[in-house]
Each structure stands twice: as structure tokens, then as C-alpha cells.
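S.K.: How does the following fold in three dimensions:
(one chain, ligands or ions: 1)
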Amino acid sequence: WYRKEKNRTEEKDGVPKGNLGWPFIGETLNFISCGYSSKPVSFMEKRRSLYGKVFKTHILGTPIIISTDPGVNKVILQNHGNTFIPAYPKSITELMGEFSILQTNGNLQKRVHALVGGFLRSPQFKARITKDIEDSVKLNLDSWRDMHLIHVQEEVKKITFVILVKVLMSIEPGDDLDYLKREFEEFIKGLICLPIKLPGTRLYKSLKARDKLFKMVKKIVEERKRAMEKPREGGEDDDEDIIATATTTTNDVLDVLLGHVGDGNEKQPLSLDFITGNILEMMIPGEETVPTAMTLAVKFLSDCPVALQRLTEENMELKKQKSISCTDYAWNDYMSLPFTQNVISETLRMANIINGVWRKALKDVEIKGNVIPQGWCVLASFISVHMDEENYENPYKFDPWRWQKTGAVVNNNCFTPFGGGQRLCPGLELSRLEISIFLHHLVTSYRWVAEKDEVIHFPTVKMKRKLPITVTPFNNSVSLN
Ligand code: HEM
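M.R.: Numbering: from 1, shown residues only. Have a look, this model is predicted:
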């Protein structure tokens, strides 16, 4: 197949140039070694200078066309599932159920995406979750006072996991949450591993953890369904009552999916197994991404004292206003601090937590003169665009001020940390809110000194030493003047 495919694509006009490397391993070793270096885009940059902005290669077991062109990436993202479908390495597809939103396509994906996205974006949800995020942030930051050395990457995970499970299915801290966290950590270890399913292998252990998680979440889903169907006290057990109960109490994603009765001609509720699988799989994109963004924000700010100072001033000002007016923080208090939002955008640009998305072409398709043949995988590389001098002056400099010129960060082809099109991350606003609240309370409560550490980009973005810092509580009265 390999040789045939090589000949077939080479014969076609417009198929991107490139080198498929060695049989089976292709150019994987080079790709991985760049991923471990301080400049992971060097793999893409080298090929781009030889073959152009869109080129072909062979990595992680797949011949693939990589696009480093924002215009081509936009077309790939905007596609409505009739030309491109998601494609993930085998270990990921093994671990995700057949109905996972991450790999379903067509109407079902659209329905679930619209339901979840609509809920997470709603002002009512954001108003409610703000208090929970604040509580979780404050609880964890308070515990830092007694710690000698803090590994930021580990600590912030404690903040975000509690919020994620609250958003998805309202589990409060306690034994259930601890069990879920333990098994989930076991489960995700297998996302990037050799796809061999024999007892003792990584994938096998992760699949076992998935079974346990599924059972636990299914129990919660069933209990909730029963509670939703129970007539309200004093009410009649009729349909109207059920609908009223379901629509007035939408507290989490589980309520949203259970309450959905179908649209138009498709009046069919989602099955309990489908809902369980989706709740479980929504933990995958939500679990590591937000804490990684928080950790890298601390890292970039530690390396850029002027940005940290400006951020602190802006947040101290808000804290001062709030203490004078004696009012609680609203979600838009946090979100309306312009410099803080620019720090978050700049962090997301440089962190490249999701470095790009993988798709597979269902038919031959031509984009800006590049032909992507049917059956080929394509990687829309976000990191290449985010770190390209053509798009960002001095791209390796952490410069939150650059966003003052660019203005709003939406609708920008060159800035896609949350993807785009019909799969645009539904957790976008929630993530930004969580990071804003974390940064606010961090910079208004502590000063810190970070030890030397490096960012690693493979297989996922993280800090080599988990970012150790020492903190000193901050005397508010001094700097309020
Ligand atoms: C900084 C944090 C985050 C980043 C950088 C991020 C990034 C992304 C990206 C790039 C995609 C598009 C994937 C694709 O096109 O195939 C995506 C999808 C998704 N994200 Fe996020 N995400 C973040 C946080 C979250 C959170 C907190 C949640 C859950 C509450 C979440 C839930 C999802 C879901 C369910 C999808 C799939 C949407 C679909 O395929 O329709 N994400 N995310």
C-alpha cells in the first residue's frame, strides 16, 4: 500500500511535495525529537522551506499532509463534516466510545455540540460557576501558605478537576470525586501509547479504568434521570410536570443532555449509554488543557516581570474597587480586564496546548492549489501559524501588548487555540473565565520566584519539572497605595 500510495499521490498534480521517509516509521523520529526540543516547530519549518507551506510527510504511523497555512487551516476547520472527518491515532480511538463527540460526525455531533456549547456560553451558567471557581481557586491558593515549594502544574490540576466534574455532573468534593480522579488519571495515561490490548499493557489498563468510570458515571446518570422524572412535591405525575422540572433546573451538562427531547422530526431523547459515554469523554479535552494554560501563564509571567507588574496593577485595581463597593465579583468583572485577557491570549498563542487538529479527507479536495487526496490524513498545524514571523512579529517573545493592536481575538485565522468552525471548543469561555479568576487571585495574593524549568511539547505540553515556585503572601495594604 505504502509504495502504491506514494506513486499514486506523486502522479497527481497539486499534491503537496514532501518526503515520506522510511517505510513504517516515516519521519516520526525526527518529529518526536523536535517535539522534545525547545523549538518543536523546527520540524515543520524545515519542510516548509523545502516544499512550501503545505507538505506531505509520514508520522506516528500515518502518511499525512501538514498545513502551516492559516487560509488552508481555516478551510479544513470550517468544513461541515462532508469532506473532512476527525482522525486520531489508534490508541485514542480505542479508548473513546463509538459515540464520543470527539469522533462522531454529522447530525449527532452537531446536536451535542450545540447543546453543550449553548449551555456553557450562557450568562446564567457563567454567573453560577463563577462562585464555584472562586471557591476552588481560593481553597487551593490558601493551602499554598503552608507549603515550602509549590509545583504549579500539580496544584492547579486540583483547582480545575473539581470544576470540570461540577460542570459536567455536579459531583462535589469527597470519595466519589477522588475515585473518579484516580481512575480518570489511569484512563488518560493510555491516550498516547502503543495500541496493543493484552493484559498488562498500558492500553489494557486504561480500558479497564474506562470500564470502571463508565459504571460510576452511568449510575449517576440513572439516578439523575429518576430524580428528573419524579413528580415535584404536591404535583401530579404527568408529562407537563416532567418537562417543567427538566427545564427549570439545568445545573450541569448532564441535565442538558437528559433534558433534550430531540428536534424537528427527530423527537428522540439521547440514550443513557450515549449520555454516559459523552460525559466521560468530555473530560478528556477539559482535564489537562486548562491547568496547562494556567501553569504556562505563570511560567511566561515569571520570565517577563513587566507583564507581571502590569497584570498585578490591573487586578489590584479591581480588588480595590470590589472591596470599596463591598460587592461580589461577577463573571464579567474578571473577563473585562483588558490586559488580563491579553495575557491569556498571548499564553494560549505560545503554549499551543492543542498544537493542531487531525482530519481525514473523505474525497479528493483542493484548497488554495493544494490537492489533498481521498483517504489521506491532514494536520492543520496551529503551532506553525502561532509561531510564524509572517503572522506575529518576534513570535518567541511573550508580549501581551501585541493584542492591543490586533484587538478582539475572535475571527482571526492566525489565532486558533480553540480550533474553529463547527468543532470550535465549547469550553472556550469557561476556560478563559477559569484562567482569569486564577490569575486574579494569584497576583493579588502572592509574590513568587520560579525555579528554572522548561516547556516540553511531546506527547502533550507540560513543564519538565512541573514548574516549582516559592511563594510569599502579598501585603495588600502596601501596594494598594
Ligand atoms: C485552554 C483550554 C482548552 C483548549 C486550548 C481547548 C482546545 C480545543 C480544541 C482545539 C478543540 C477542537 C478539536 C477539533 O477540532 O477536533 C476542542 C474541542 C472540544 N473541547 Fe476544548 N479546549 C480547552 C478546554 C476545554 C474545556 C474546559 C472543555 C469542557 C468543559 C472542553 C471541551 C471540548 C469539547 C467537548 C470539544 C469537542 C467539540 C466538538 O468536536 O464538537 N475544552 N477544544
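S.K.: Strands of the chain, residue ranges please.
M.R.: Taking DSSP state E as the criterion, the chain carries its strands at 54-59, 62-67, 84-86, 150-151, 356-361, 365-367, 370-372, 377-381, 446-450, 455-456, 462-463, 468-473.
S.K.: For residue 251, which of those strands is the nearest?
M.R.: strand 84-86 (29.4 Å; Cβ to Cβ). (C-beta placed from N, C-alpha, C; glycine too.)
S.K.: Save the strands of the chain as TSV, and put in mean pLDDT and mean neighbour count too.
M.R.: Converted to TSV, those look like this (pLDDT from 0 to 100; neighbours: other Cβ atoms under 10 Å):
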stretch	mean pLDDT	mean neighbour count
strand 54-59	94	24
strand 62-67	92	24
strand 84-86	91	20
strand 150-151	98	20
strand 356-361	93	21
strand 365-367	95	17
strand 370-372	95	22
strand 377-381	95	24
strand 446-450	97	15
strand 455-456	92	18
strand 462-463	94	20
strand 468-473	96	16
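S.K.: Quick check: which of those strands is nearest to the ligand?
M.R.: Closest to the ligand of those is strand 356-361 (Cβ to the nearest ligand atom; 4.2 Å).
S.K.: Just the CA trace of that closest one, in CSV.
M.R.: As requested, C-alpha coordinates have been extracted for strand 356-361 and formatted as CSV (Å, rounded to 0.1, in the frame of the first residue of the first chain):
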residue,chain,number,x,y,z
GLY,A,356,-3.3,21.3,15.7
VAL,A,357,-6.2,19.0,14.6
TRP,A,358,-6.1,15.8,12.7
ARG,A,359,-8.6,15.1,10.0
LYS,A,360,-9.1,12.6,7.2
ALA,A,361,-10.3,13.5,3.7
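S.K.: Chain neighbours aside, what residue packs nearest to the closest residue to the ligand within the chain?
M.R.: Per Cβ to the nearest ligand atom, residue 427 is where the chain lies closest to the ligand, at 2.5 Å. Nearest non-adjacent residue to residue 427, counting by Cβ to Cβ, 6 or more residues apart in numbering: residue 286, 5.7 Å away.
S.K.: Domain ranges for this protein, per the record?
M.R.: Annotated domains of the chain cover 2-94+355-386, 108-125+152-285, 289-352+397-479 [automatic domain parsing].
S.K.: Near the ligand, which residues of the stretch 101-250 of the chain? Just list them.
M.R.: Counting by Cβ under 6 Å from any ligand atom, the stretch 101-250 of the chain comes close to the ligand at 101, 102, 109, 113, 167.
S.K.: hmm, try it at 8 Å
M.R.: Taking Cβ under 8 Å from any ligand atom as the contact definition, the stretch 101-250 of the chain meets the ligand at 101, 102, 109, 112, 113, 116, 117, 120, 160, 164, 167, 168.
S.K.: got the contact list for the first one?
M.R.: Looking back up the chat, that one is residue 101. By Cβ atoms under 8 Å, 6 or more residues apart in numbering, the contact set of residue 101 is 109, 112, 113, 116, 278, 281, 282.
S.K.: swap in the third one?
M.R.: Counting by Cβ under 8 Å, 6+ apart, residue 109 makes contact with 81, 101, 422, 423.
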